[in-house]
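Asker: Any chance you could fold what I've pasted below:
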Amino acid sequence: MKALLHQIHSRTPEKRKAILIGAQLPQTGSKSQPVSLDELTGLATTAHYHPVAELVQKLSTVNPKTFLGSGKVEELKLAVEQHQPEVVIFDAELSPGQNRNLENIFNCRVIDRSWLILEIFNDHANTREAKTQVELARLKYALPRLTRMWGHLSRQRGGIGLRDVGETQIQLDRRLIRNEITKLERKLKGIDKEKKTQRKSRSGIYRVALVGYTNVGKSTLMNQLTGADTLVEDKLFATLDATIRKIKKNFPYPVLLADTVGLIDKLPHDLVASFKSTLDEVLEADLLIKLVDFSHPDHKQQMETVDEVLTELGANEIDSILVFNKIDRIADPEILANEQQLNPETVFISSRTGEGIDRLQKEIIRCYESRLTPCTLELDYSQANRISDIRKQAIIVKEDYQDDRIVLDLRLPPEGKARLKEILQQTKPNPVV
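Answerer: Okay, here's the model as predicted:
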């Protein structure tokens, strides 16, 4: 298919004017919290927008046609006429009808939080897998929402699924779009098979996954623990692909550490689904390090968001260590001391300065060793050449070379006995005791 979906926006760092809209929606049960547009501002800035105005409305009900009440729509229309922004960004998910109606009223682009996140992911996707994942999520999300007002999509080359019929006119061929979605899904399945093969080759090695809200310092911690040179930037979603490295610094066991994509509140469902192969690193981990930016004023809410996503993924039952990061940014030592007293099992660190890393390593070792079971293996001397292979699957605590046999005291992971039998089955060793 020659027609291509044009990029959501330019990859140049030009700042385009935007008006940000927040809404305090009706809550059930708990008391609703005041609306803050700080995170939306960060998202907009990351996507190369320059916020020129903000508007917040407390809603008792959502207007099915325009989301906001009629009075606020008129107020916002005046703001659009005054500031002439390229885009109006809602900190909520708009229905296709609401999106279309608001664009007709304001005569400019209107996007919601989910589409804004997709724009950021589009900018930060570098690998074949990430590009395919984001492309698929964008198409699924945009399909019912694209209207003639989205003429900005037709001004650039290099995407999938739209035909140009003029500078600001787009005619969407839904059959071609759906065909392209099918192709991308098939491509992702192939990538997923490759990833499963890679993960299978790492089976038997203890795997730890870093999970947390975006921009909590996962990549910096990755570098601290592994000596890797993972990209570190103080911005949202700096990295999208799972990075796998071996923990090397002062670590007695072979352990692989995975740095996964950062999570965020209201993460688009299609994006979560598309990033399945990346998030499988979380599902197949033996241990999760839940990293929290303790210096962030909303860190408790961010923790709740991460737990909700992990539950949605089915990863909430995996062993985990709660780690509070960025303690070097806490100016009041009493705040830190009180939190440490209230949460004695939480590990407090600074991935930037290295403070607390030693305790975190000890906790990882403790979790690893808690899975090991002791056993004794007796070998004939004819099997001595197998000891090097045994070391790869078990921890040899003691070697006793007797007159007629070699006795090994081992500590094995859950799958260790089966692996030892595979190693020794050709020479028929004495059974594991």
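Asker: contacts and neighbour counts: CA atoms only from here.
Answerer: Noted.
Asker: give me the low-pLDDT residue ranges for the chain?
Answerer: Where the chain drops to pLDDT under 70, the residues are 1-14, 26-35, 145-174, 199-204, 228-242, 249-250, 269, 273-278, 426-433.
Asker: Residue nearest the middle of it, spatially speaking?
Answerer: V261 (2.6 Å; Cα atoms, centre = their mean).
Asker: Would you tell me what the next helix or strand after the longest helix belonging to the chain is?
Answerer: Counting by DSSP state H, the longest helix found in the chain is helix 174-201. Following helix 174-201 in sequence order, the next helix or strand is strand 206-212 (DSSP states H and E).
Asker: do you know how far the residue nearest to L225 when sequence neighbours are not counted is from R371?
Answerer: Nearest-residue entry for L225: I247, 5.8 Å, with adjacent residues in sequence omitted and distances by Cα to Cα, 6 or more residues apart in numbering. Computed as Cα to Cα, to the nearest Å, the I247 to R371 distance reads 18 Å.
Asker: Which one of those two is surrounded by more residues?
Answerer: Higher neighbour count among I247 and R371: I247, with 22 against 13, using other Cα atoms under 10 Å.
Asker: And that one, how close does it get to T305?
Answerer: 28 Å.
Asker: ditto for D286
Answerer: Counting by Cα to Cα - D286 and T305 are separated by 21 Å.
Asker: same check, this time on D403
Answerer: 61 Å.
Asker: These two: which has the busier surroundings?
Answerer: T305 (19 against 7).
Asker: just the CA coordinates of whatever helix or strand I105 lives in, formatted as PDB?
Answerer: Using DSSP H and E, I105 falls within helix 96-106. Below are the C-alpha coordinates for helix 96-106, written out as PDB (Å, rounded to 0.1, in the frame of the first residue of the first chain):
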ATOM      1  CA  PRO A  96     -14.900  10.800  18.900                       C
ATOM      2  CA  GLY A  97     -18.100  12.900  18.800                       C
ATOM      3  CA  GLN A  98     -16.900  15.300  21.500                       C
ATOM      4  CA  ASN A  99     -13.600  15.700  19.700                       C
ATOM      5  CA  ARG A 100     -15.300  16.500  16.400                       C
ATOM      6  CA  ASN A 101     -17.800  18.900  17.900                       C
ATOM      7  CA  LEU A 102     -15.100  20.900  19.800                       C
ATOM      8  CA  GLU A 103     -12.900  21.200  16.700                       C
ATOM      9  CA  ASN A 104     -15.800  22.500  14.800                       C
ATOM     10  CA  ILE A 105     -16.500  25.100  17.500                       C
ATOM     11  CA  PHE A 106     -12.800  26.200  18.000                       C
END
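Asker: Check which helices and strands that helix sits against.
Answerer: Contacts defined by 3 or more Cα pairs under 8 Å, 6 or more residues apart in numbering; DSSP states H and E place helix 96-106 against helix 70-83, strand 109-112.
Asker: Minimum distance to E103: which of those has it?
Answerer: Counting by Cα to Cα, E103 lies closest to strand 109-112 out of these; the figure is 5.7 Å.
Asker: Can you tell me the strand partners of that closest one and which way each runs?
Answerer: strand 87-90 (parallel) (DSSP bridges).
Asker: Please enumerate the strands of the stretch 251-400 of the chain.
Answerer: In the stretch 251-400 of the chain, the strands defined using DSSP state E, counting those that start in this stretch lie at 255-259, 287-293, 320-325, 347-348, 373-379, 395-401.
Asker: would S219 count as being in a helix?
Answerer: Yes: under DSSP: H, G, I helix; E, B strand; the rest coil, S219 falls within a helix.
Asker: just checking, it touches A258?
Answerer: No: with contact defined as Cα atoms under 8 Å, S219 does not reach A258; the gap is 9.7 Å.
Asker: burial count for G217?
Answerer: Residues within reach of G217, counting by other Cα under 10 Å, total 23.
Asker: do T373 as well
Answerer: 14.
Asker: That one contacts R411, doesn't it?
Answerer: Yes: here T373 reaches R411: they are 5.2 Å apart, a contact under Cα under 8 Å.
Asker: In stretch 336-354, which residues are buried?
Answerer: Buried residues in stretch 336-354, defined by neighbour count with 16 or more other Cα atoms under 10 Å: 336, 347-351.
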